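Asker: Provide a 3D model corresponding to the input given below.
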Amino acid sequence: MSDKKETTTEPNSQGRIRQENKKRIMSAAEKVFAENGFRGSTTAAIADAAGLPKANIHYYFGTKEELYRAVVDDIVELWLSSFREITEDDDPASTLADYIRAKMELSRNRPEASRVFANELIRGAPRIKPYLSGDLKNWVESKSAILDKWVSDGKMAPVDSTRLIFHIWAMTQTWADFEVQWSCILGRQNGLEDADFEQATNSIITTILRNCGLLPLPERKPL
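Answerer: Next comes the predicted model:
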């Protein structure tokens, strides 16, 4: 019986080790790509950051190009899944607010992810342009269609739904992409604090919801 137990648990153990190693490599690669860009990054540097032999990088991912694409795919999937499956029956205000909070959490907890994606776009998206004009475009159009339905049903003010999604991306990801700039402006010598992200989140939610007619404008005090 002991031999049988070993043969059934060994594959599970190997599978767990494989997943753990891949996770370590992906996490290390995200940081190295964010800091050095694709061209400036090496598999040796990624292996060092992961604390694994360089051979492991090629064993699990083949080439640097394949690893980079895996990292970018993971980042995009993370962002898209943060905007949960919405329907025409959902409440626009709470849905948009939840999405903004989720995106800001990603900017706070995974800033390197945003920087990897931003660097790719700055360089003309040579490795993911087909994805941008294909799957991502389809995703945006599907979400925009629901926002447009909310507008036609009178649930929110008329807005350009596609650009609204872009604006949410820009307003949330700037806290990751330009964290150094924000830290300097806000006088944070040791980086941004949790309170900074909370205040920024509330400010973005207020701006977006007011633009969509989902929050009343503040009353003007008489002169």
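Asker: and the most centrally placed residue in the chain, what element?
Answerer: Most central in the chain under C-alpha atoms, centre = their mean is residue 79, positioned 3.8 Å from the mean C-alpha point. Using DSSP states H and E, residue 79 maps to helix 64-82.
Asker: for the following helix or strand past that helix, buried residues please.
Answerer: Going down the chain from helix 64-82, the next helix or strand is helix 92-109, by DSSP H and E. Neighbour counts over helix 92-109 (16 or more other C-beta atoms under 10 Å) mark 92-93, 95-104, 106-108 as buried. C-beta: built from backbone N, CA, C; applies to glycine.
Asker: just give me the neighbour total for the residue nearest to residue 74 when sequence neighbours are not counted.
Answerer: Spatial nearest neighbour of residue 74, chain neighbours left out: residue 26 (6.3 Å); criterion: C-beta to C-beta, 6 or more residues apart in numbering. Using other C-beta atoms under 10 Å, residue 26 is surrounded by 18 other residues.
Asker: what's the distance between the helix or strand hosting residue 26 and the middle of its chain?
Answerer: Assigned by DSSP H and E, residue 26 falls within helix 2-40. Per C-alpha atoms, centre = their mean, to the nearest Å, the displacement of helix 2-40 from the mean C-alpha position of its chain is 21 Å.
Asker: which strands and helices sit next to the helix or strand where residue 171 lies?
Answerer: According to DSSP H and E, residue 171 maps onto helix 161-177. Helix 161-177 sits against helix 92-109, helix 111-122, helix 137-152, helix 194-211, with contacts defined as 3 or more C-beta pairs under 8 Å, 6 or more residues apart in numbering; DSSP states H and E.
Asker: and these: which comes nearest residue 53?
Answerer: Closest to residue 53 of these, according to C-beta to C-beta: helix 111-122, at 22.8 Å.
Asker: helices or strands up against the lowest-mean-pLDDT helix or strand in the chain?
Answerer: Least confident helix or strand, the chain: helix 2-40 with a mean of 80, by mean pLDDT, DSSP states H and E. The contact analysis (3+ C-beta pairs under 8 Å, 6+ apart) places helix 2-40 against helix 43-50, helix 54-61, helix 64-82, helix 111-122.
Asker: what helices or strands is the longest one leaning on?
Answerer: By that I understand helix 64-82. In terms of contacts (3+ C-beta pairs under 8 Å, 6+ apart), helix 64-82 is packed against helix 2-40, helix 43-50, helix 54-61, helix 92-109, helix 111-122.
Asker: okay, these in a markdown table with distance to residue 183 next?
Answerer: A markdown table is the format used below for those (distance: least, C-beta to C-beta, whole Å):
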| stretch | distance to residue 183 |
| --- | --- |
| helix 2-40 | 16 |
| helix 43-50 | 23 |
| helix 54-61 | 32 |
| helix 92-109 | 13 |
| helix 111-122 | 12 |
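Asker: nearest to residue 205, of the ones you listed?
Answerer: helix 92-109 (4.9 Å).
Asker: just want the angle from that closest one to helix 111-122.
Answerer: Comparing the axes of helix 92-109 and helix 111-122 via axes from the mean of the first three to the mean of the last three C-alpha atoms, to 10 degrees yields an angle of 100 degrees.
Asker: contacting residues around helix 92-109?
Answerer: Contacts with helix 92-109, where a contact means C-beta atoms under 8 Å, 6 or more residues apart in numbering, come from 78-79, 82-84, 86, 113-114, 147, 150, 155-156, 168-169, 171-173, 175-176, 192, 194, 197, 200-201, 204-205, 208-209, 212, 214-215.
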